[in-house]
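Colleague: Pasting the sequence and the predicted coordinates here, then a few questions.
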Amino acid sequence: LAARVRGIAAHIVMPENAPAVKRRAVKGYGGIITTAPSSPVAREQVCEKVLKDTGATFIHPSNDVRVIAGQGTMALELLEQAKDLDAIIAPTGGGGMMSGVCIAAKGVNPSIRIFGAEPEGANDAKRSIKGGRIIENETVDTICDGLRTNLGSNTFPIMHTHLEDIITVNDDQVRAAMRLIWERMKIVVEPSGAIPLAVVLSDEFKSKTGISRVGLILSGGNIDLNTW
């Protein structure tokens, strides 16, 4: 949309298994889609070819510092509207959103506790934070298509510094969280967006002490209702 407003061509490399609803949205906003195999390495190779063929400027969806800064504004808005939160939980994929949330939230309240929510079938962030280095996913298996990515050189150190923990949940827990959001809140949220609720309902998070007010970031509503 931003590119269309400025009269600039936007070339979007999307995995071939991206949901149809996401592809339709990108086309609807005027994006030029190039599909790639779903692995991160394959997507990077296709990106390089698109850059060579078009002369476009590459913008990483999560590891670009401008993206990180922009996504941090959601934490500022959350903390303006919900005072005195003990903790924030946000989805964790490539780490752009999570990194922005960490920087912004800690800037407002250094004592706030921040947790990442990650699917068991794409748990590179949890393994990376625990191991002290980036450990990429070799394969992924989760309905959270927006989180099938790896941490980057900018996002990893930010998350490693500020996150208290990353909690993983399985796809059944995510489905239950989606259903609860649909039934009680009447909001359409995709799996990658519903995962913070799945985490807050998990036994692992419930075992945390000293937390009574939690802010959840439910990001993303790109879902094909025909599949659910």
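Modeller: On my side now, so go ahead. Numbers count the residues shown, from 1 in each chain.
Colleague: Could you use CA atoms for every contact and neighbour count after this?
Modeller: OK.
Colleague: In the protein, where is pLDDT below threshold?
Modeller: 228 (pLDDT under 70).
Colleague: Now do the helices in it.
Modeller: 2-5, 20-28, 40-54, 65-71, 73-81, 96-108, 124-131, 155-162, 171-180, 191-200, 203-206 (DSSP state H).
Colleague: and these as TSV, adding mean neighbour count and distance to Asn137?
Modeller: Shown next, in TSV, are those (neighbours: other C-alpha atoms under 10 Å; distance: least, C-alpha to C-alpha, whole Å):
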stretch	mean neighbour count	distance to Asn137
helix 2-5	11	31
helix 20-28	14	23
helix 40-54	14	9
helix 65-71	17	21
helix 73-81	16	27
helix 96-108	24	17
helix 124-131	20	5
helix 155-162	20	14
helix 171-180	19	17
helix 191-200	28	17
helix 203-206	12	23
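Colleague: can you put those helices in a markdown table and add distance to Val140?
Modeller: Formatted as a markdown table, the helices of the chain follow (distance: least, C-alpha to C-alpha, whole Å):
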| stretch | distance to Val140 |
| --- | --- |
| helix 2-5 | 31 |
| helix 20-28 | 19 |
| helix 40-54 | 10 |
| helix 65-71 | 24 |
| helix 73-81 | 27 |
| helix 96-108 | 19 |
| helix 124-131 | 9 |
| helix 155-162 | 19 |
| helix 171-180 | 12 |
| helix 191-200 | 14 |
| helix 203-206 | 22 |
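Colleague: looking at these, which is closest to Leu218?
Modeller: helix 191-200 (4.5 Å; C-alpha to C-alpha).
Colleague: relative to helix 171-180, how tilted is the closest one?
Modeller: 100 degrees (axes from the mean of the first three to the mean of the last three C-alpha atoms, to 10 degrees).
Colleague: what number of residues lie near Met14?
Modeller: Met14 has 20 neighbouring residues, counting by other C-alpha atoms under 10 Å.
Colleague: what do you get for Gly121?
Modeller: 19.
Colleague: got the contact list for it?
Modeller: Val140, Asp141, Thr142, Asn170 (C-alpha atoms under 8 Å, 6 or more residues apart in numbering).
Colleague: Nearest residue to it in space, please, no chain neighbours.
Modeller: Asp141 (4.6 Å; C-alpha to C-alpha, 6 or more residues apart in numbering).
Colleague: And for the protein, the residue most distant from the center?
Modeller: Asp53 (29.0 Å; C-alpha atoms, centre = their mean).
Colleague: picking up where we left off before, my guess is the residue nearest to Gly121 contacts Ala122, does it?
Modeller: Yes: with contact defined as C-alpha atoms under 8 Å, Asp141 counts as touching Ala122 (6.5 Å).
Colleague: The two - which one has more neighbours?
Modeller: Each of Asp141 and Ala122 has its neighbours counted (other C-alpha under 10 Å); Ala122 has more, 27 against 13.
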